[in-house]
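1. Can you look at this prediction? I've put the sequence above it.
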Amino acid sequence: MPLTQPKTDLAYLRNEKAKAEQKLRSCQHWEKILERRMSELNRRERVHRLCTRAGMLESFLVCPGELTDDQVMELLKISFRQPEVVLALAKMVHDVHEKQNVPNPL
């Protein structure tokens, strides 16, 4: 059984190189498309989360449309300085990190 010689013809190798370069460009283009899709999905997910949580906040405010952004921010600052809130938040973050096996950041 004769062994076939590797293709060493210069024209053949140039053609193979051109095909490989074209495939590389195609894959790089596809990578950019996928990165844009991921970015869009991350943005949509964040917008959904922000809207959901803003709705939660507004459900606790009396006349939320009448308060300014600065007033709501001041109310949040006061609320999140309460020792019970600080402890509850720290415990929630700790529990999430423990569940995800994230090392202690402190």
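-> Happy to help now that I have it.
2. Remind me which helix or strand the nearest residue to Val102 once chain neighbours are set aside belongs to.
-> The shortest distance from Val102 to any non-neighbouring residue, by CB to CB, 6 or more residues apart in numbering, is to Val96 (7.9 Å). Bear in mind the C-beta positions are built from the backbone N, C-alpha and C, glycine included. In the assignment (DSSP states H and E), Val96 maps to helix 83-99.
3. okay, that helix in CSV with CA atoms only?
-> Extracted in CSV, the C-alpha atoms of helix 83-99 (Å, rounded to 0.1, in the frame of the first residue of the first chain):
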residue,chain,number,x,y,z
PRO,A,83,-28.0,48.2,62.9
GLU,A,84,-30.7,45.6,62.2
VAL,A,85,-30.6,46.3,58.5
VAL,A,86,-26.8,46.3,58.4
LEU,A,87,-26.7,42.9,60.1
ALA,A,88,-29.5,41.5,58.0
LEU,A,89,-27.8,42.6,54.8
ALA,A,90,-24.5,41.2,55.9
LYS,A,91,-26.1,37.8,56.7
MET,A,92,-27.9,37.7,53.4
VAL,A,93,-24.7,38.4,51.4
HIS,A,94,-22.8,35.9,53.6
ASP,A,95,-25.4,33.2,52.9
VAL,A,96,-25.3,33.9,49.2
HIS,A,97,-21.5,33.7,49.1
GLU,A,98,-21.5,30.6,51.2
LYS,A,99,-24.0,28.9,48.8
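4. 896 is where my numbering starts, stick with that
-> I'll keep to 896 as the first residue from here, and by that count the last item is helix 978-994.
5. for it, packing partners?
-> When contacts are defined as 3 or more CB pairs under 8 Å, 6 or more residues apart in numbering; DSSP states H and E, helix 978-994 sits against helix 964-975.
6. any idea how far the residue nearest to Val997 lies from Asn937?
-> Val991 sits 19 Å away from Asn937, going by CB to CB, to the nearest Å.
7. same deal with Lys972?
-> Distance from Lys972 to Asn937, by CB to CB: 28 Å.
8. How about Val988?
-> Separation of Val988 from Asn937 (CB to CB) stands at 21 Å.
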